[in-house]
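K.L.:
this is a predicted model, with the sequence first.
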Amino acid sequence: MNVQIKRCGSYAGNLPSYATTGSAGMDLYAAIEEPLIIPAGGIVMVSTGIAIALPRGYECQVRSRSGLAAKSGIFALNAPGTIDSDYRGEIKVILANFGKQDYIVQSQERIAQIVIAEYAIVEWTPVDELTETKRGTGGFGSTGTI
């Protein structure tokens, strides 16, 4: 799939890239001129310096990087966040520090990852009754906890 991408913002960052040939997610980089401190318990919005143009029927999901989460307690909030196919603004990542220490984001650091996913366009059909299933209306642990 070929997707248009534009560098934007006050400091253009690296283009998203796959770390390995088997990676589903592409790394997103911080497009910041100076280090940015995320205080313990704090939340910041970090620029990536890019905007994209996805075709209709696709979304871009923003997710946490497992290494940042495990080692430093840094998570992408609202993950997976969705970038819709008609959004043309700069991609920014909301990072939260759940760690016990301040975290310093460096320029061009890998801060999150993105996955491009296809989705269905839904049209609703109102009905009086839904088809029956064995599970029925059971939810929230109704299938067991083990």
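P.N.:
Received the coordinates, thanks.
K.L.:
where does the prediction get shaky in the chain?
P.N.:
142, 144-146 (pLDDT under 70).
K.L.:
all strands for it, in order.
P.N.:
4-7, 17-18, 26-29, 36-38, 43-47, 50-53, 58-63, 74-76, 81-83, 92-97, 103-105, 110-118 (DSSP state E).
K.L.:
list the helices and strands the fourth one packs on?
P.N.:
What that stands for is strand 36-38. strand 43-47, strand 92-97, strand 103-105 (3 or more Cβ pairs under 8 Å, 6 or more residues apart in numbering; DSSP states H and E). For every residue, glycine as well, the C-beta is placed using N, CA and C.
K.L.:
out of these, deepest packed?
P.N.:
strand 92-97 (a mean of 20; mean count of other Cβ atoms under 10 Å).
K.L.:
elements contacting that one?
P.N.:
strand 36-38, strand 43-47, strand 74-76, strand 110-118.
K.L.:
beta partners for the residue positioned nearest the centre of the chain?
P.N.:
In the chain, the centroid-proximal residue (Cα atoms, centre = their mean) is residue 62; its distance is 1.0 Å. Beta-bridge pairing for residue 62 (DSSP bridges): residue 81, residue 114.
K.L.:
any idea which of the strands of the chain gets closest to residue 127?
P.N.:
Checking these against residue 127 by Cβ to Cβ gives strand 110-118 as the closest, at 26.7 Å.
K.L.:
now the closest one, how far from the chain's geometric center?
P.N.:
5 Å (Cα atoms, centre = their mean, to the nearest Å).
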